[in-house]
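> got a predicted structure plus its sequence, pasted below:
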Amino acid sequence: MDNDVREQVERLLREVLSPLVHADGGEMHVVRWDGEDVHIHLSGACAGCPGATLTNEGIILPAVRSVSPKARVVLTTGIRAPEGARRV
């Protein structure tokens, strides 16, 4: 994923998706980028939530793919964000 597309995805995560997650009491973090993969961690109320998978498959992944069709989202959840993760 080139830098322009990565910036567009970051903006989407920060301005659109993170506020949606935050509205439900969760927090979104970008853990890292790995080629076409964006590793995202959900914490707060999303930690361990069974709906996190549905949120990823129904909202996060389609939105990210609207910017980068080949992108993959690797989602984790937990009380604490992994070291080095950035809150968006």
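Sure, I can see it. It should be emphasised that the depicted structure is a prediction, and the values quoted were computed from it without experimental measurement.
> just give the nearest non-adjacent residue to the residue nearest the centre of the chain, would you?
With distances taken as C-alpha atoms, centre = their mean, residue 40 lies nearest the centre of the chain, 4.0 Å away. Nearest residue to residue 40 in three dimensions, chain neighbours excluded: residue 75, at 5.4 Å (C-beta to C-beta, 6 or more residues apart in numbering). For the C-beta atoms, the positions are set from N, CA and C on the backbone; glycine is no exception.
> rewinding a little: the residue nearest to the centre of the chain pairs with what?
residue 30, residue 75 (DSSP bridges).
> isn't the residue nearest to residue 40 right up against residue 42?
Yes - contact criterion C-beta atoms under 8 Å: residue 75 and residue 42 qualify, at 6.8 Å.
> who touches both of these two?
residue 52 (C-beta atoms under 8 Å, 6 or more residues apart in numbering).
> who's more crowded, the two?
Using other C-beta atoms under 10 Å as the criterion, residue 75 and residue 42 rank with residue 42 on top: 25 against 19.
> show me where this protein has strands.
26-34, 37-44, 72-77, 86-87 (DSSP state E).
> return the set of buried residues in the longest helix seen in the chain.
In the chain, taking DSSP state H as the definition, the longest helix is helix 3-12. Neighbour counts over helix 3-12 (16 or more other C-beta atoms under 10 Å) mark 6, 8-10, 12 as buried.
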